[in-house]
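Undergrad: Any chance you can model this:
(6 chains)
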Number of protein chains: 4
Amino acid sequence: MSNDWRDFGPDPLSPPLRAALGVFVRHGYHGASIRTIAEAAGLSVPGLYHHHRSKQAILAAVVDAAMQEMLDHTRAADAAAEGDSPVGRFENIVEALARFHMARRDHAFVASTEMRSMEPATRAHHVRQRDEQQRMIEDAIRAAVATGDFSCPHPEDAARAVSSLCVSIASWYRPGGPLSPDEIVERHLVFARGIAGATTA
Amino acid sequence: MSNDWRDFGPDPLSPPLRAALGVFVRHGYHGASIRTIAEAAGLSVPGLYHHHRSKQAILAAVVDAAMQEMLDHTRAADAAAEGDSPVGRFENIVEALARFHMARRDHAFVASTEMRSMEPATRAHHVRQRDEQQRMIEDAIRAAVATGDFSCPHPEDAARAVSSLCVSIASWYRPGGPLSPDEIVERHLVFARGIAGATTA
Amino acid sequence: MSNDWRDFGPDPLSPPLRAALGVFVRHGYHGASIRTIAEAAGLSVPGLYHHHRSKQAILAAVVDAAMQEMLDHTRAADAAAEGDSPVGRFENIVEALARFHMARRDHAFVASTEMRSMEPATRAHHVRQRDEQQRMIEDAIRAAVATGDFSCPHPEDAARAVSSLCVSIASWYRPGGPLSPDEIVERHLVFARGIAGATTA
Amino acid sequence: MSNDWRDFGPDPLSPPLRAALGVFVRHGYHGASIRTIAEAAGLSVPGLYHHHRSKQAILAAVVDAAMQEMLDHTRAADAAAEGDSPVGRFENIVEALARFHMARRDHAFVASTEMRSMEPATRAHHVRQRDEQQRMIEDAIRAAVATGDFSCPHPEDAARAVSSLCVSIASWYRPGGPLSPDEIVERHLVFARGIAGATTA
DNA sequence: TATGAATGAGTCTTCATTCAT
DNA sequence: AATGAATGAAGACTCATTCAT
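TA: I've put the predicted structure just below:
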C-alpha cells in the first residue's frame, strides 16, 4: 500500500455486499428491500441471511469497508509525503481523497448519504473514521500555515470545506465522462489550494 | 425582495409540509411513513391526504418550494449587484446561497439528498432549477475572469465546486453552533474566492 | 300504461341514481366508490349524501325502481291480453320481459347481479318481486297447458328457464347491435314457446 | 376423459384457490378482501401471497381452471357422440354443460359473474374460451338442421340461448335440492331441444 | 448449504361516512 | 342546498426476518 495509494484495484467487496451497494445507491437504504438485494446477488433470501445477520449489518459492512479503504489510501498518501513539505502532504491527501471518491463512487455515496440510516453504534464508528480523515487534512493545513505556504485563518473550516468538496465528487462523477480522473484530480488540487489559502503558485 | 435577499422570513411551508420535511430529514423519504408524517402534522392519515395527493406529491411540493426560494434569493442578490464589479455579483450570489443553506437547512438538505426518490418529472424539474442556479455562479465567474479579477481556467468546474461547498453547509450547520451565520458567510466567501482564483485580496 | 307496455320512455331514474347505476354496472357495487358516484353525478360527496342516506340506500333505490318498472310493464302486458288465449298472455309477458331487459339493460343487469350485495331486507323485497314476475309466467304456462296449447310437464321449471333466458339478454344486448329489438323479441318468443312446449306453430 | 365426461371428481382447485372461490361467490371479487380469503384458506396474508401474486391472479387462476374443466368435459362429450346423429352430439354437449354447472356451480358462477372484474388480458382469454364452447353448440345445431332433425332459423342465437340457460343453472341449483342432477339434466335437454326447434320427440 | 413456506407488523392509499360552515 | 375538512377502519400488498427441511 505504501506506494500504490493512487491505484484502486478491483472492488474488494464480496459479491453479496456489492449487490447490496448497488441497490442502496439506486433506492437508498430504506427503499432497498432484502428481496431486491438477494435477487441482485443471485441468492435466495435465506441464502443472503446466511452471509449477513441483517439488513443493517449489510449496511455497516459496506460502509465500514468503504471507510477503511479511504483511510488506508489517505494514510498511505500522507506517509508517502514523509519528508516533503507540508504542502506535499496536503496535496497527496487531497489527491487520495479525490481518487477514492471516483474509484469507489458508490461506496462513498452510500457512506455519506446513509448516515441517518445507521444504528447508533455504526454511526458513531463511521463518524470517528470521518473525523480522523478530516483531521489529517487539518493537520496538513496547520503545518503548511506554520511554514508560511498557506495563509489560512481557520484551518478546521478549511479542512471541512476541502473534505466536502472531495465527497461531492461522488455525486456527479461518472467514469467515461468528459474529464479524466487525472484532470479532475488536477483541478481539485487547485480548488483545494485555493480554499487553504496557498500563497504561492 | 430587491433589498432583503439576505433575510429569510418565517418558513413559508404549510404546517403539513413542514411536518413532512422534518420527518424526511430524520428518516429519509423511504424511511418516512405517511403515518409518522400525519402524526407530526397533527392530522389523521386521510386528513393529510386531503391536502396532498400522495407522499410523492408532498416531496415534490417541499422540494419545489425550497428551490423556488433559493432561486428567488440568489436572483435578487445578483440583481442587487447590478452595476457593481463582477466580483460583487459573485460574492452576492455566494452569500445568498450560503445564507439559504443555513436559514433553510432542512429544505436544502432534503432537496439535495432525495433526488433519487423523486419521480422522473419531479427530478427533471429539480435538476433544471439547480442548473440555472449553478449557471448564475458560472456567469459571474466568467465575467470576473474577463475583468481580470479572477484567474480561473475552468469556470464551470469552479462553479460546481462553489455550489457544492454551499450545499454542504446544510449537512453540518446547526443554529446556535459555535459560529454565527455572518461568520460562516464571511469564511465561505473567502473559500469561494479561493476556488474561483481571486487575484486580489 | 295499459296500452303502451311495449314502450319504455326515458329512464325515470333521478340523475344521481342514474350516475350510480352506470358506476355499478362498470365496477360492481363493491367496486364502486361513493366518490366515483358523486363525480359521475356532478355532485360533491356530501351533496350526494344529501339525496341518499347511504351507498346501500342508493343500490336499493336503483334496484327497486327497476323491479317496479319491470313489474308494471309485465302486468300491463298480461292485462292487455285479457280475453285472449293463454298463449297470448304468455307471449305478451315474454315480450314485455324481453323489451324491458333491452330498454333497461343496465338496471336489469345490476338488479340481477348485485343480489348478494343487498342487505337482507332489500334482498328479500327484491326476491319477492322477482318471484311474482316468475309466477306470472308460470300461471300463463299452466293455463296454456290446460287448453292444450302447451305441452309442458314442469311449468315451474319452464317458467324459470324462460325468465332466465330473458334476463340473460341484458348481459349481451347492445343498442345498435346487429339485431333490432323487434327481431330479438320475435326470436325469443320462438325460444320461449319451444321451452314451454308449444304444440302448434 | 373419453368415457367419464358425465362425472366430475373432487374439485381440482388447490385449497387456497378453493377458499378464494368461496369468498368470491359470497361477496363478489371487489367485496372479497385478501384478509378474508387468507382466513378462509387458513393462511396468513403473506402466506397467501406466497402462493399467488395478487388478488387478480387468484381470480384468473380460478376462472381459467373452471373454463378448462368445462371445455374438457364438453369436448369429451362431443367426441363421445362421434358417429351418432347430430342430435346426439347436441344432447351430449348440453348434458355436459348442465352437469358442469351443477358440479362446479361456484366456479361457473364466478366465471360468468366476475367478467367485469378481470383485467383485459384475463377477460380476453375467458371470452375466447366461452366463445369456443358456444360454437360447439352452434355447430351441432347446424348439423342437426342439415339432417332435418332441428328446424332452427338462427342457430347462433339458439346456441347462445341454450348456453345462457345452462349457465343460469349455477345461480339457483343447490345440491340436495328437490330435483336430482339427473332430473335437471333431463328437463334441460327438453328445454334445449325446444329452443333448437327439434322436429321429433 | 440452501430454500420453500410462513408471518406479524408495517407500507401507501382509499373506504363510507360525518360535520361545521 | 352545498362543501371543505376530517376520520376510523379497511383496502391490497410488502416488509425484514425465521425455520423446518
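Undergrad: which regions of chain A lie under the pLDDT threshold?
TA: For chain A, the stretches with pLDDT under 70 are A:1-3, A:200-201.
Undergrad: how far away is residue A:191 from residue B:196?
TA: To residue B:196, residue A:191 is 9 Å away according to C-beta to C-beta, to the nearest Å. Yep, even glycine has a C-beta here, placed from its N, CA and C like the rest.
Undergrad: shared neighbours, those two?
TA: Common contact partners of residue A:191 and residue B:196 (C-beta atoms under 8 Å, 6 or more residues apart in numbering or on different chains): residue B:158.
Undergrad: Could you pull out the helices in chain A for me?
TA: For chain A, the helices defined by DSSP state H cover A:15-27, A:34-41, A:45-51, A:55-80, A:86-103, A:105-113, A:120-146, A:155-169, A:181-195.
Undergrad: Contact partners for residue A:61?
TA: Residue A:61 is in contact with A:17, A:52, counting by C-beta under 8 Å, 6+ apart.
Undergrad: how far away is it from chain B?
TA: Computed as C-beta to the nearest C-beta, to the nearest Å, the residue A:61 to chain B distance reads 20 Å.
Undergrad: Can you give me the first-to-last residue distance of stretch A:147-165?
TA: 25 Å (C-alpha to C-alpha, to the nearest Å).
Undergrad: Is that stretch positioned near chain B?
TA: Yes: Stretch A:147-165 lies within reach of chain B by C-beta under 8 Å from any C-beta of the partner chain, at A:154, A:157-158, A:160-161, A:164-165.
Undergrad: so which of those residues comes closest to residue C:77?
TA: Residue C:77 lies nearest to residue A:164 out of those, by C-beta to C-beta, at 87.2 Å.
Undergrad: Name the nearest residue to that closest one, sequence neighbours excluded.
TA: Nearest residue to residue A:164 in three dimensions, chain neighbours excluded: residue B:168, at 3.7 Å (C-beta to C-beta, 6 or more residues apart in numbering or on different chains).
Undergrad: Now do the contacts for that neighbour.
TA: Residue B:168 is in contact with A:161, A:164-165, A:167-168, counting by C-beta under 8 Å, 6+ apart.
Undergrad: Neighbour-wise, which one of those residues leads?
TA: With neighbours taken as other C-beta atoms under 10 Å in any protein chain shown, the top of these is residue A:161, carrying 28 neighbours.
Undergrad: just checking, it touches residue A:195?
TA: Yes: with contacts counted by C-beta atoms under 8 Å, residue A:161 reaches residue A:195, the gap being 5.1 Å.
Undergrad: so what's in contact with the two at the same time?
TA: Counting by C-beta under 8 Å, 6+ apart, the contacts common to residue A:161 and residue A:195 are residue B:191.
Undergrad: How many residues are close by residue A:98?
TA: For residue A:98, using other C-beta under 10 Å, the count is 26.
Undergrad: pretty sure it contacts residue A:166?
TA: Yes: the pair residue A:98 / residue A:166 is scored as a contact, 5.2 Å apart, by C-beta under 8 Å.
Undergrad: Write out the residues of chain A neighbouring chain B.
TA: Residues of chain A lying near chain B (C-beta under 8 Å from any C-beta): A:25-31, A:113, A:116-117, A:154, A:157-158, A:160-161, A:164-165, A:167-168, A:172, A:179, A:187-188, A:190-191, A:193-197.
Undergrad: Quick one, which of those are buried?
TA: Buried by 16 or more other C-beta atoms under 10 Å in any protein chain shown: A:25, A:27-31, A:113, A:117, A:154, A:157-158, A:160-161, A:164-165, A:167-168, A:187-188, A:190-191, A:193-197, out of the residues of chain A next to chain B.
Undergrad: Could you export the helices of chain A to a markdown table, including columns for distance to residue C:65?
TA: Converted to a markdown table, the helices of chain A look like this (distance: least, C-beta to C-beta, whole Å):
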| stretch | distance to residue C:65 |
| --- | --- |
| helix A:15-27 | 53 |
| helix A:34-41 | 51 |
| helix A:45-51 | 55 |
| helix A:55-80 | 58 |
| helix A:86-103 | 72 |
| helix A:105-113 | 61 |
| helix A:120-146 | 66 |
| helix A:155-169 | 69 |
| helix A:181-195 | 76 |
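Undergrad: so which of these comes closest to residue D:55?
TA: Residue D:55 sits nearest to helix A:34-41 of all the helices of chain A, at 19.9 Å, using C-beta to C-beta.
Undergrad: Near DNA strand E, which residues of chain A are found?
TA: Residues of chain A found near DNA strand E (C-beta under 7 Å from any atom of the strand) are A:43-47, A:49-50.
Undergrad: any chance of those in JSON lines, plus neighbour count?
TA: Output for those, formatted as JSON lines (neighbours: other C-beta atoms under 10 Å in any protein chain shown):
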{"residue": "A:43", "neighbour count": "17"}
{"residue": "A:44", "neighbour count": "12"}
{"residue": "A:45", "neighbour count": "13"}
{"residue": "A:46", "neighbour count": "8"}
{"residue": "A:47", "neighbour count": "12"}
{"residue": "A:49", "neighbour count": "16"}
{"residue": "A:50", "neighbour count": "11"}
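Undergrad: ok, so of those residues, who is nearest residue D:37?
TA: residue A:45 (24.2 Å).
Undergrad: follow-up on the earlier one: from the residues of stretch A:147-165 next to chain B, which is closest to chain C?
TA: Taking C-beta to the nearest C-beta as the measure, residue A:164 is the one of the residues of stretch A:147-165 next to chain B closest to chain C, at 48.8 Å.
Undergrad: Hmm, residue B:165 and the closest one touching each other?
TA: Yes: taking C-beta under 8 Å as the definition, residue A:164 is a contact partner of residue B:165 at 6.2 Å.
Undergrad: Please name the nearest non-neighbouring residue to the residue in chain A positioned nearest to chain B.
TA: Using C-beta to the nearest C-beta, the single residue of chain A nearest to chain B is residue A:194, 3.2 Å away. Nearest residue to residue A:194, sequence neighbours excluded (C-beta to C-beta, 6+ apart): residue B:194, at 3.2 Å.
Undergrad: And for residue A:119?
TA: Counting by C-beta to C-beta, 6+ apart, the residue nearest residue A:119 is residue A:56, at 5.7 Å.
Undergrad: Show the contacting residues for the nearest residue to residue A:35 once chain neighbours are set aside.
TA: Excluding its sequence neighbours, the residue lying closest to residue A:35 (C-beta to C-beta, 6+ apart) is residue A:45, at 6.1 Å. Counting by C-beta under 8 Å, 6+ apart, residue A:45 makes contact with A:34-35, A:38.
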